[in-house]
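Participant: one predicted model, sequence on top.
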Amino acid sequence: MTFGIAVSGPGAGRAAFAALRAVEAVGRGAIGGFAVFAAIDAEGRLHRAETQRGGGATLFGGGGPPPELARAPLAALMSSGPDRPEPLSRFLPADPAVGLVTGHRLPHLPGADGRPVNAAALERVAAGEAGEAAVAAFRASDPESDAGLVVMDATGRIALGNSALVDRRDDAGRALVSDTGSGLTIGLLHNSIHPAGGIAALAVAAAIDAVAPADAADLCVALTGCPLVMGPANVLHLDAARRPERIEVTNPAWIGPAWEGSAVLRGAEVRIGGAPAGRVVGEPYCHAHDGVVTGGHGGDAAAVHYVVYG
């Protein structure tokens, strides 16, 4: 029970699964074995999936989560090495009216009150406590419990924390992030996966990228034949038909007899008919002669992507 993540927001199921697959691709250690997944869909229905071996590669039969799970606004999973005691649902207690509790280490084992610490946290939320209070109660009552909890309530609010015992580990990591661009809130805990220092950041980035990729584009335009002109900023001008008219560049070397590089840089403004229309999100590697783009390395034509404003 080495990696536990909860995600809320649009496409939370897809995001949680993407985080697991990214960690499996890069990390080594207690990963790629058992995995248990739970999601609450927009209609308030609970869905589950599990596997004992193969992690994300076998969790959904070799593909990604089915559409109803991928779109679910609340999702959580836990994964570690293979062959954990059945039923696997004990590692991820869930109630569609209350929320989901994941975590890492051994949160299914009894705490000081004799109840599994993860189930006890879910019961506290069901009784009206905030997730933060449920985590605080766990930490106070079971400081030597070998567990960490990630508690997500039915509104998507996430709280997390380790026992004092787990906090003393030198291979544990965590993240709790709210990302305005994707609309996701992500909470995760992990241990025994290396390189330990990069796992949480990788998982968060993969989750966000799954639903709001930074290179998403609405259009690809060929720049071959497009003239280059000097200007105060790097700007791509398109006509009303979204064909390239000219590229403003700030480096006079681009206007010379021969030059190569990125004629339009990521983040450069795109204008249509002179009006702001977007920004460049994928920059081509061009070559130019006498102030005209004559092609691109890696293809017959250079291409640029942009995202339309609003």
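Facilitator: Perfect, I can see it now. Numbers count the residues shown, from 1 in each chain.
Participant: what strand or helix carries the residue with the largest distance to the centre of the chain?
Facilitator: What lies farthest from the middle of the chain is residue 257; by CA atoms, centre = their mean that is 44.4 Å. Here residue 257 sits in a region with no helix or strand, counting by DSSP states H and E.
Participant: how much space between it and residue 289?
Facilitator: Residue 257 sits 6 Å away from residue 289, going by CB to CB, to the nearest Å. Yep, even glycine has a C-beta here, placed from its N, CA and C like the rest.
Participant: the residue farthest from the centre of the chain is in contact with residue 291, isn't it?
Facilitator: No. Checked against CB atoms under 8 Å, the pair residue 257 and residue 291 is beyond contact range at 9.2 Å.
Participant: can you pull up the most central residue in the protein?
Facilitator: By CA atoms, centre = their mean, the chain has its centre lying nearest to residue 207, at 1.2 Å.
Participant: just confirm that residue contacts residue 15, I think it does.
Facilitator: Yes. Residue 207 lies in contact with residue 15 (CB under 8 Å); the separation is 3.9 Å.
Participant: and for those two, which residues touch both?
Facilitator: Counting by CB atoms under 8 Å, 6 or more residues apart in numbering, the residues touching both residue 207 and residue 15 are 7, 184, 186.
Participant: could I get the residues you listed as a markdown table with secondary structure and pLDDT?
Facilitator: What follows is those, written out as a markdown table (DSSP: H, G, I helix; E, B strand; the rest coil; pLDDT from 0 to 100):
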| residue | secondary structure | pLDDT |
| --- | --- | --- |
| 7 | strand | 99 |
| 184 | strand | 98 |
| 186 | strand | 99 |
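Participant: returning to that earlier point: dihedrals phi and psi, the residue nearest to the centre of the chain?
Facilitator: phi -60, psi -50 (degrees, to the nearest 10).
Participant: state the pLDDT value of it.
Facilitator: Residue 207 is assigned a predicted lDDT (pLDDT) of 98.
Participant: quick one: contacts for it?
Facilitator: 5, 7, 15, 16, 18, 19, 184, 186.
Participant: what bridges to the residue lying closest to residue 243 once chain neighbours are set aside?
Facilitator: Distances taken as CB to CB, 6 or more residues apart in numbering place residue 221 nearest to residue 243, at 6.9 Å, with adjacent residues excluded. Beta bridges link residue 221 to residue 304, judged by DSSP bridges.
Participant: what's the closest non-adjacent residue to residue 190?
Facilitator: Per CB to CB, 6+ apart, closest to residue 190 is residue 3, 4.6 Å.
Participant: the one you found touches residue 81, doesn't it?
Facilitator: No. Residue 3 is beyond contact range of residue 81, at 10.6 Å (criterion: CB under 8 Å).
Participant: which of these two has more residues huddled nearby?
Facilitator: Taking neighbours as other CB atoms under 10 Å, residue 3 and residue 81 compare with residue 3 leading, 32 against 16.
Participant: tell me the helices and strands packed up against the helix or strand where residue 119 lies.
Facilitator: Element membership of residue 119 [criterion: DSSP H and E] is helix 117-126. Helix 117-126 is packed against strand 94-95, strand 99-105, helix 131-141, strand 147-153, with contacts defined by 3 or more CB pairs under 8 Å, 6 or more residues apart in numbering; DSSP states H and E.
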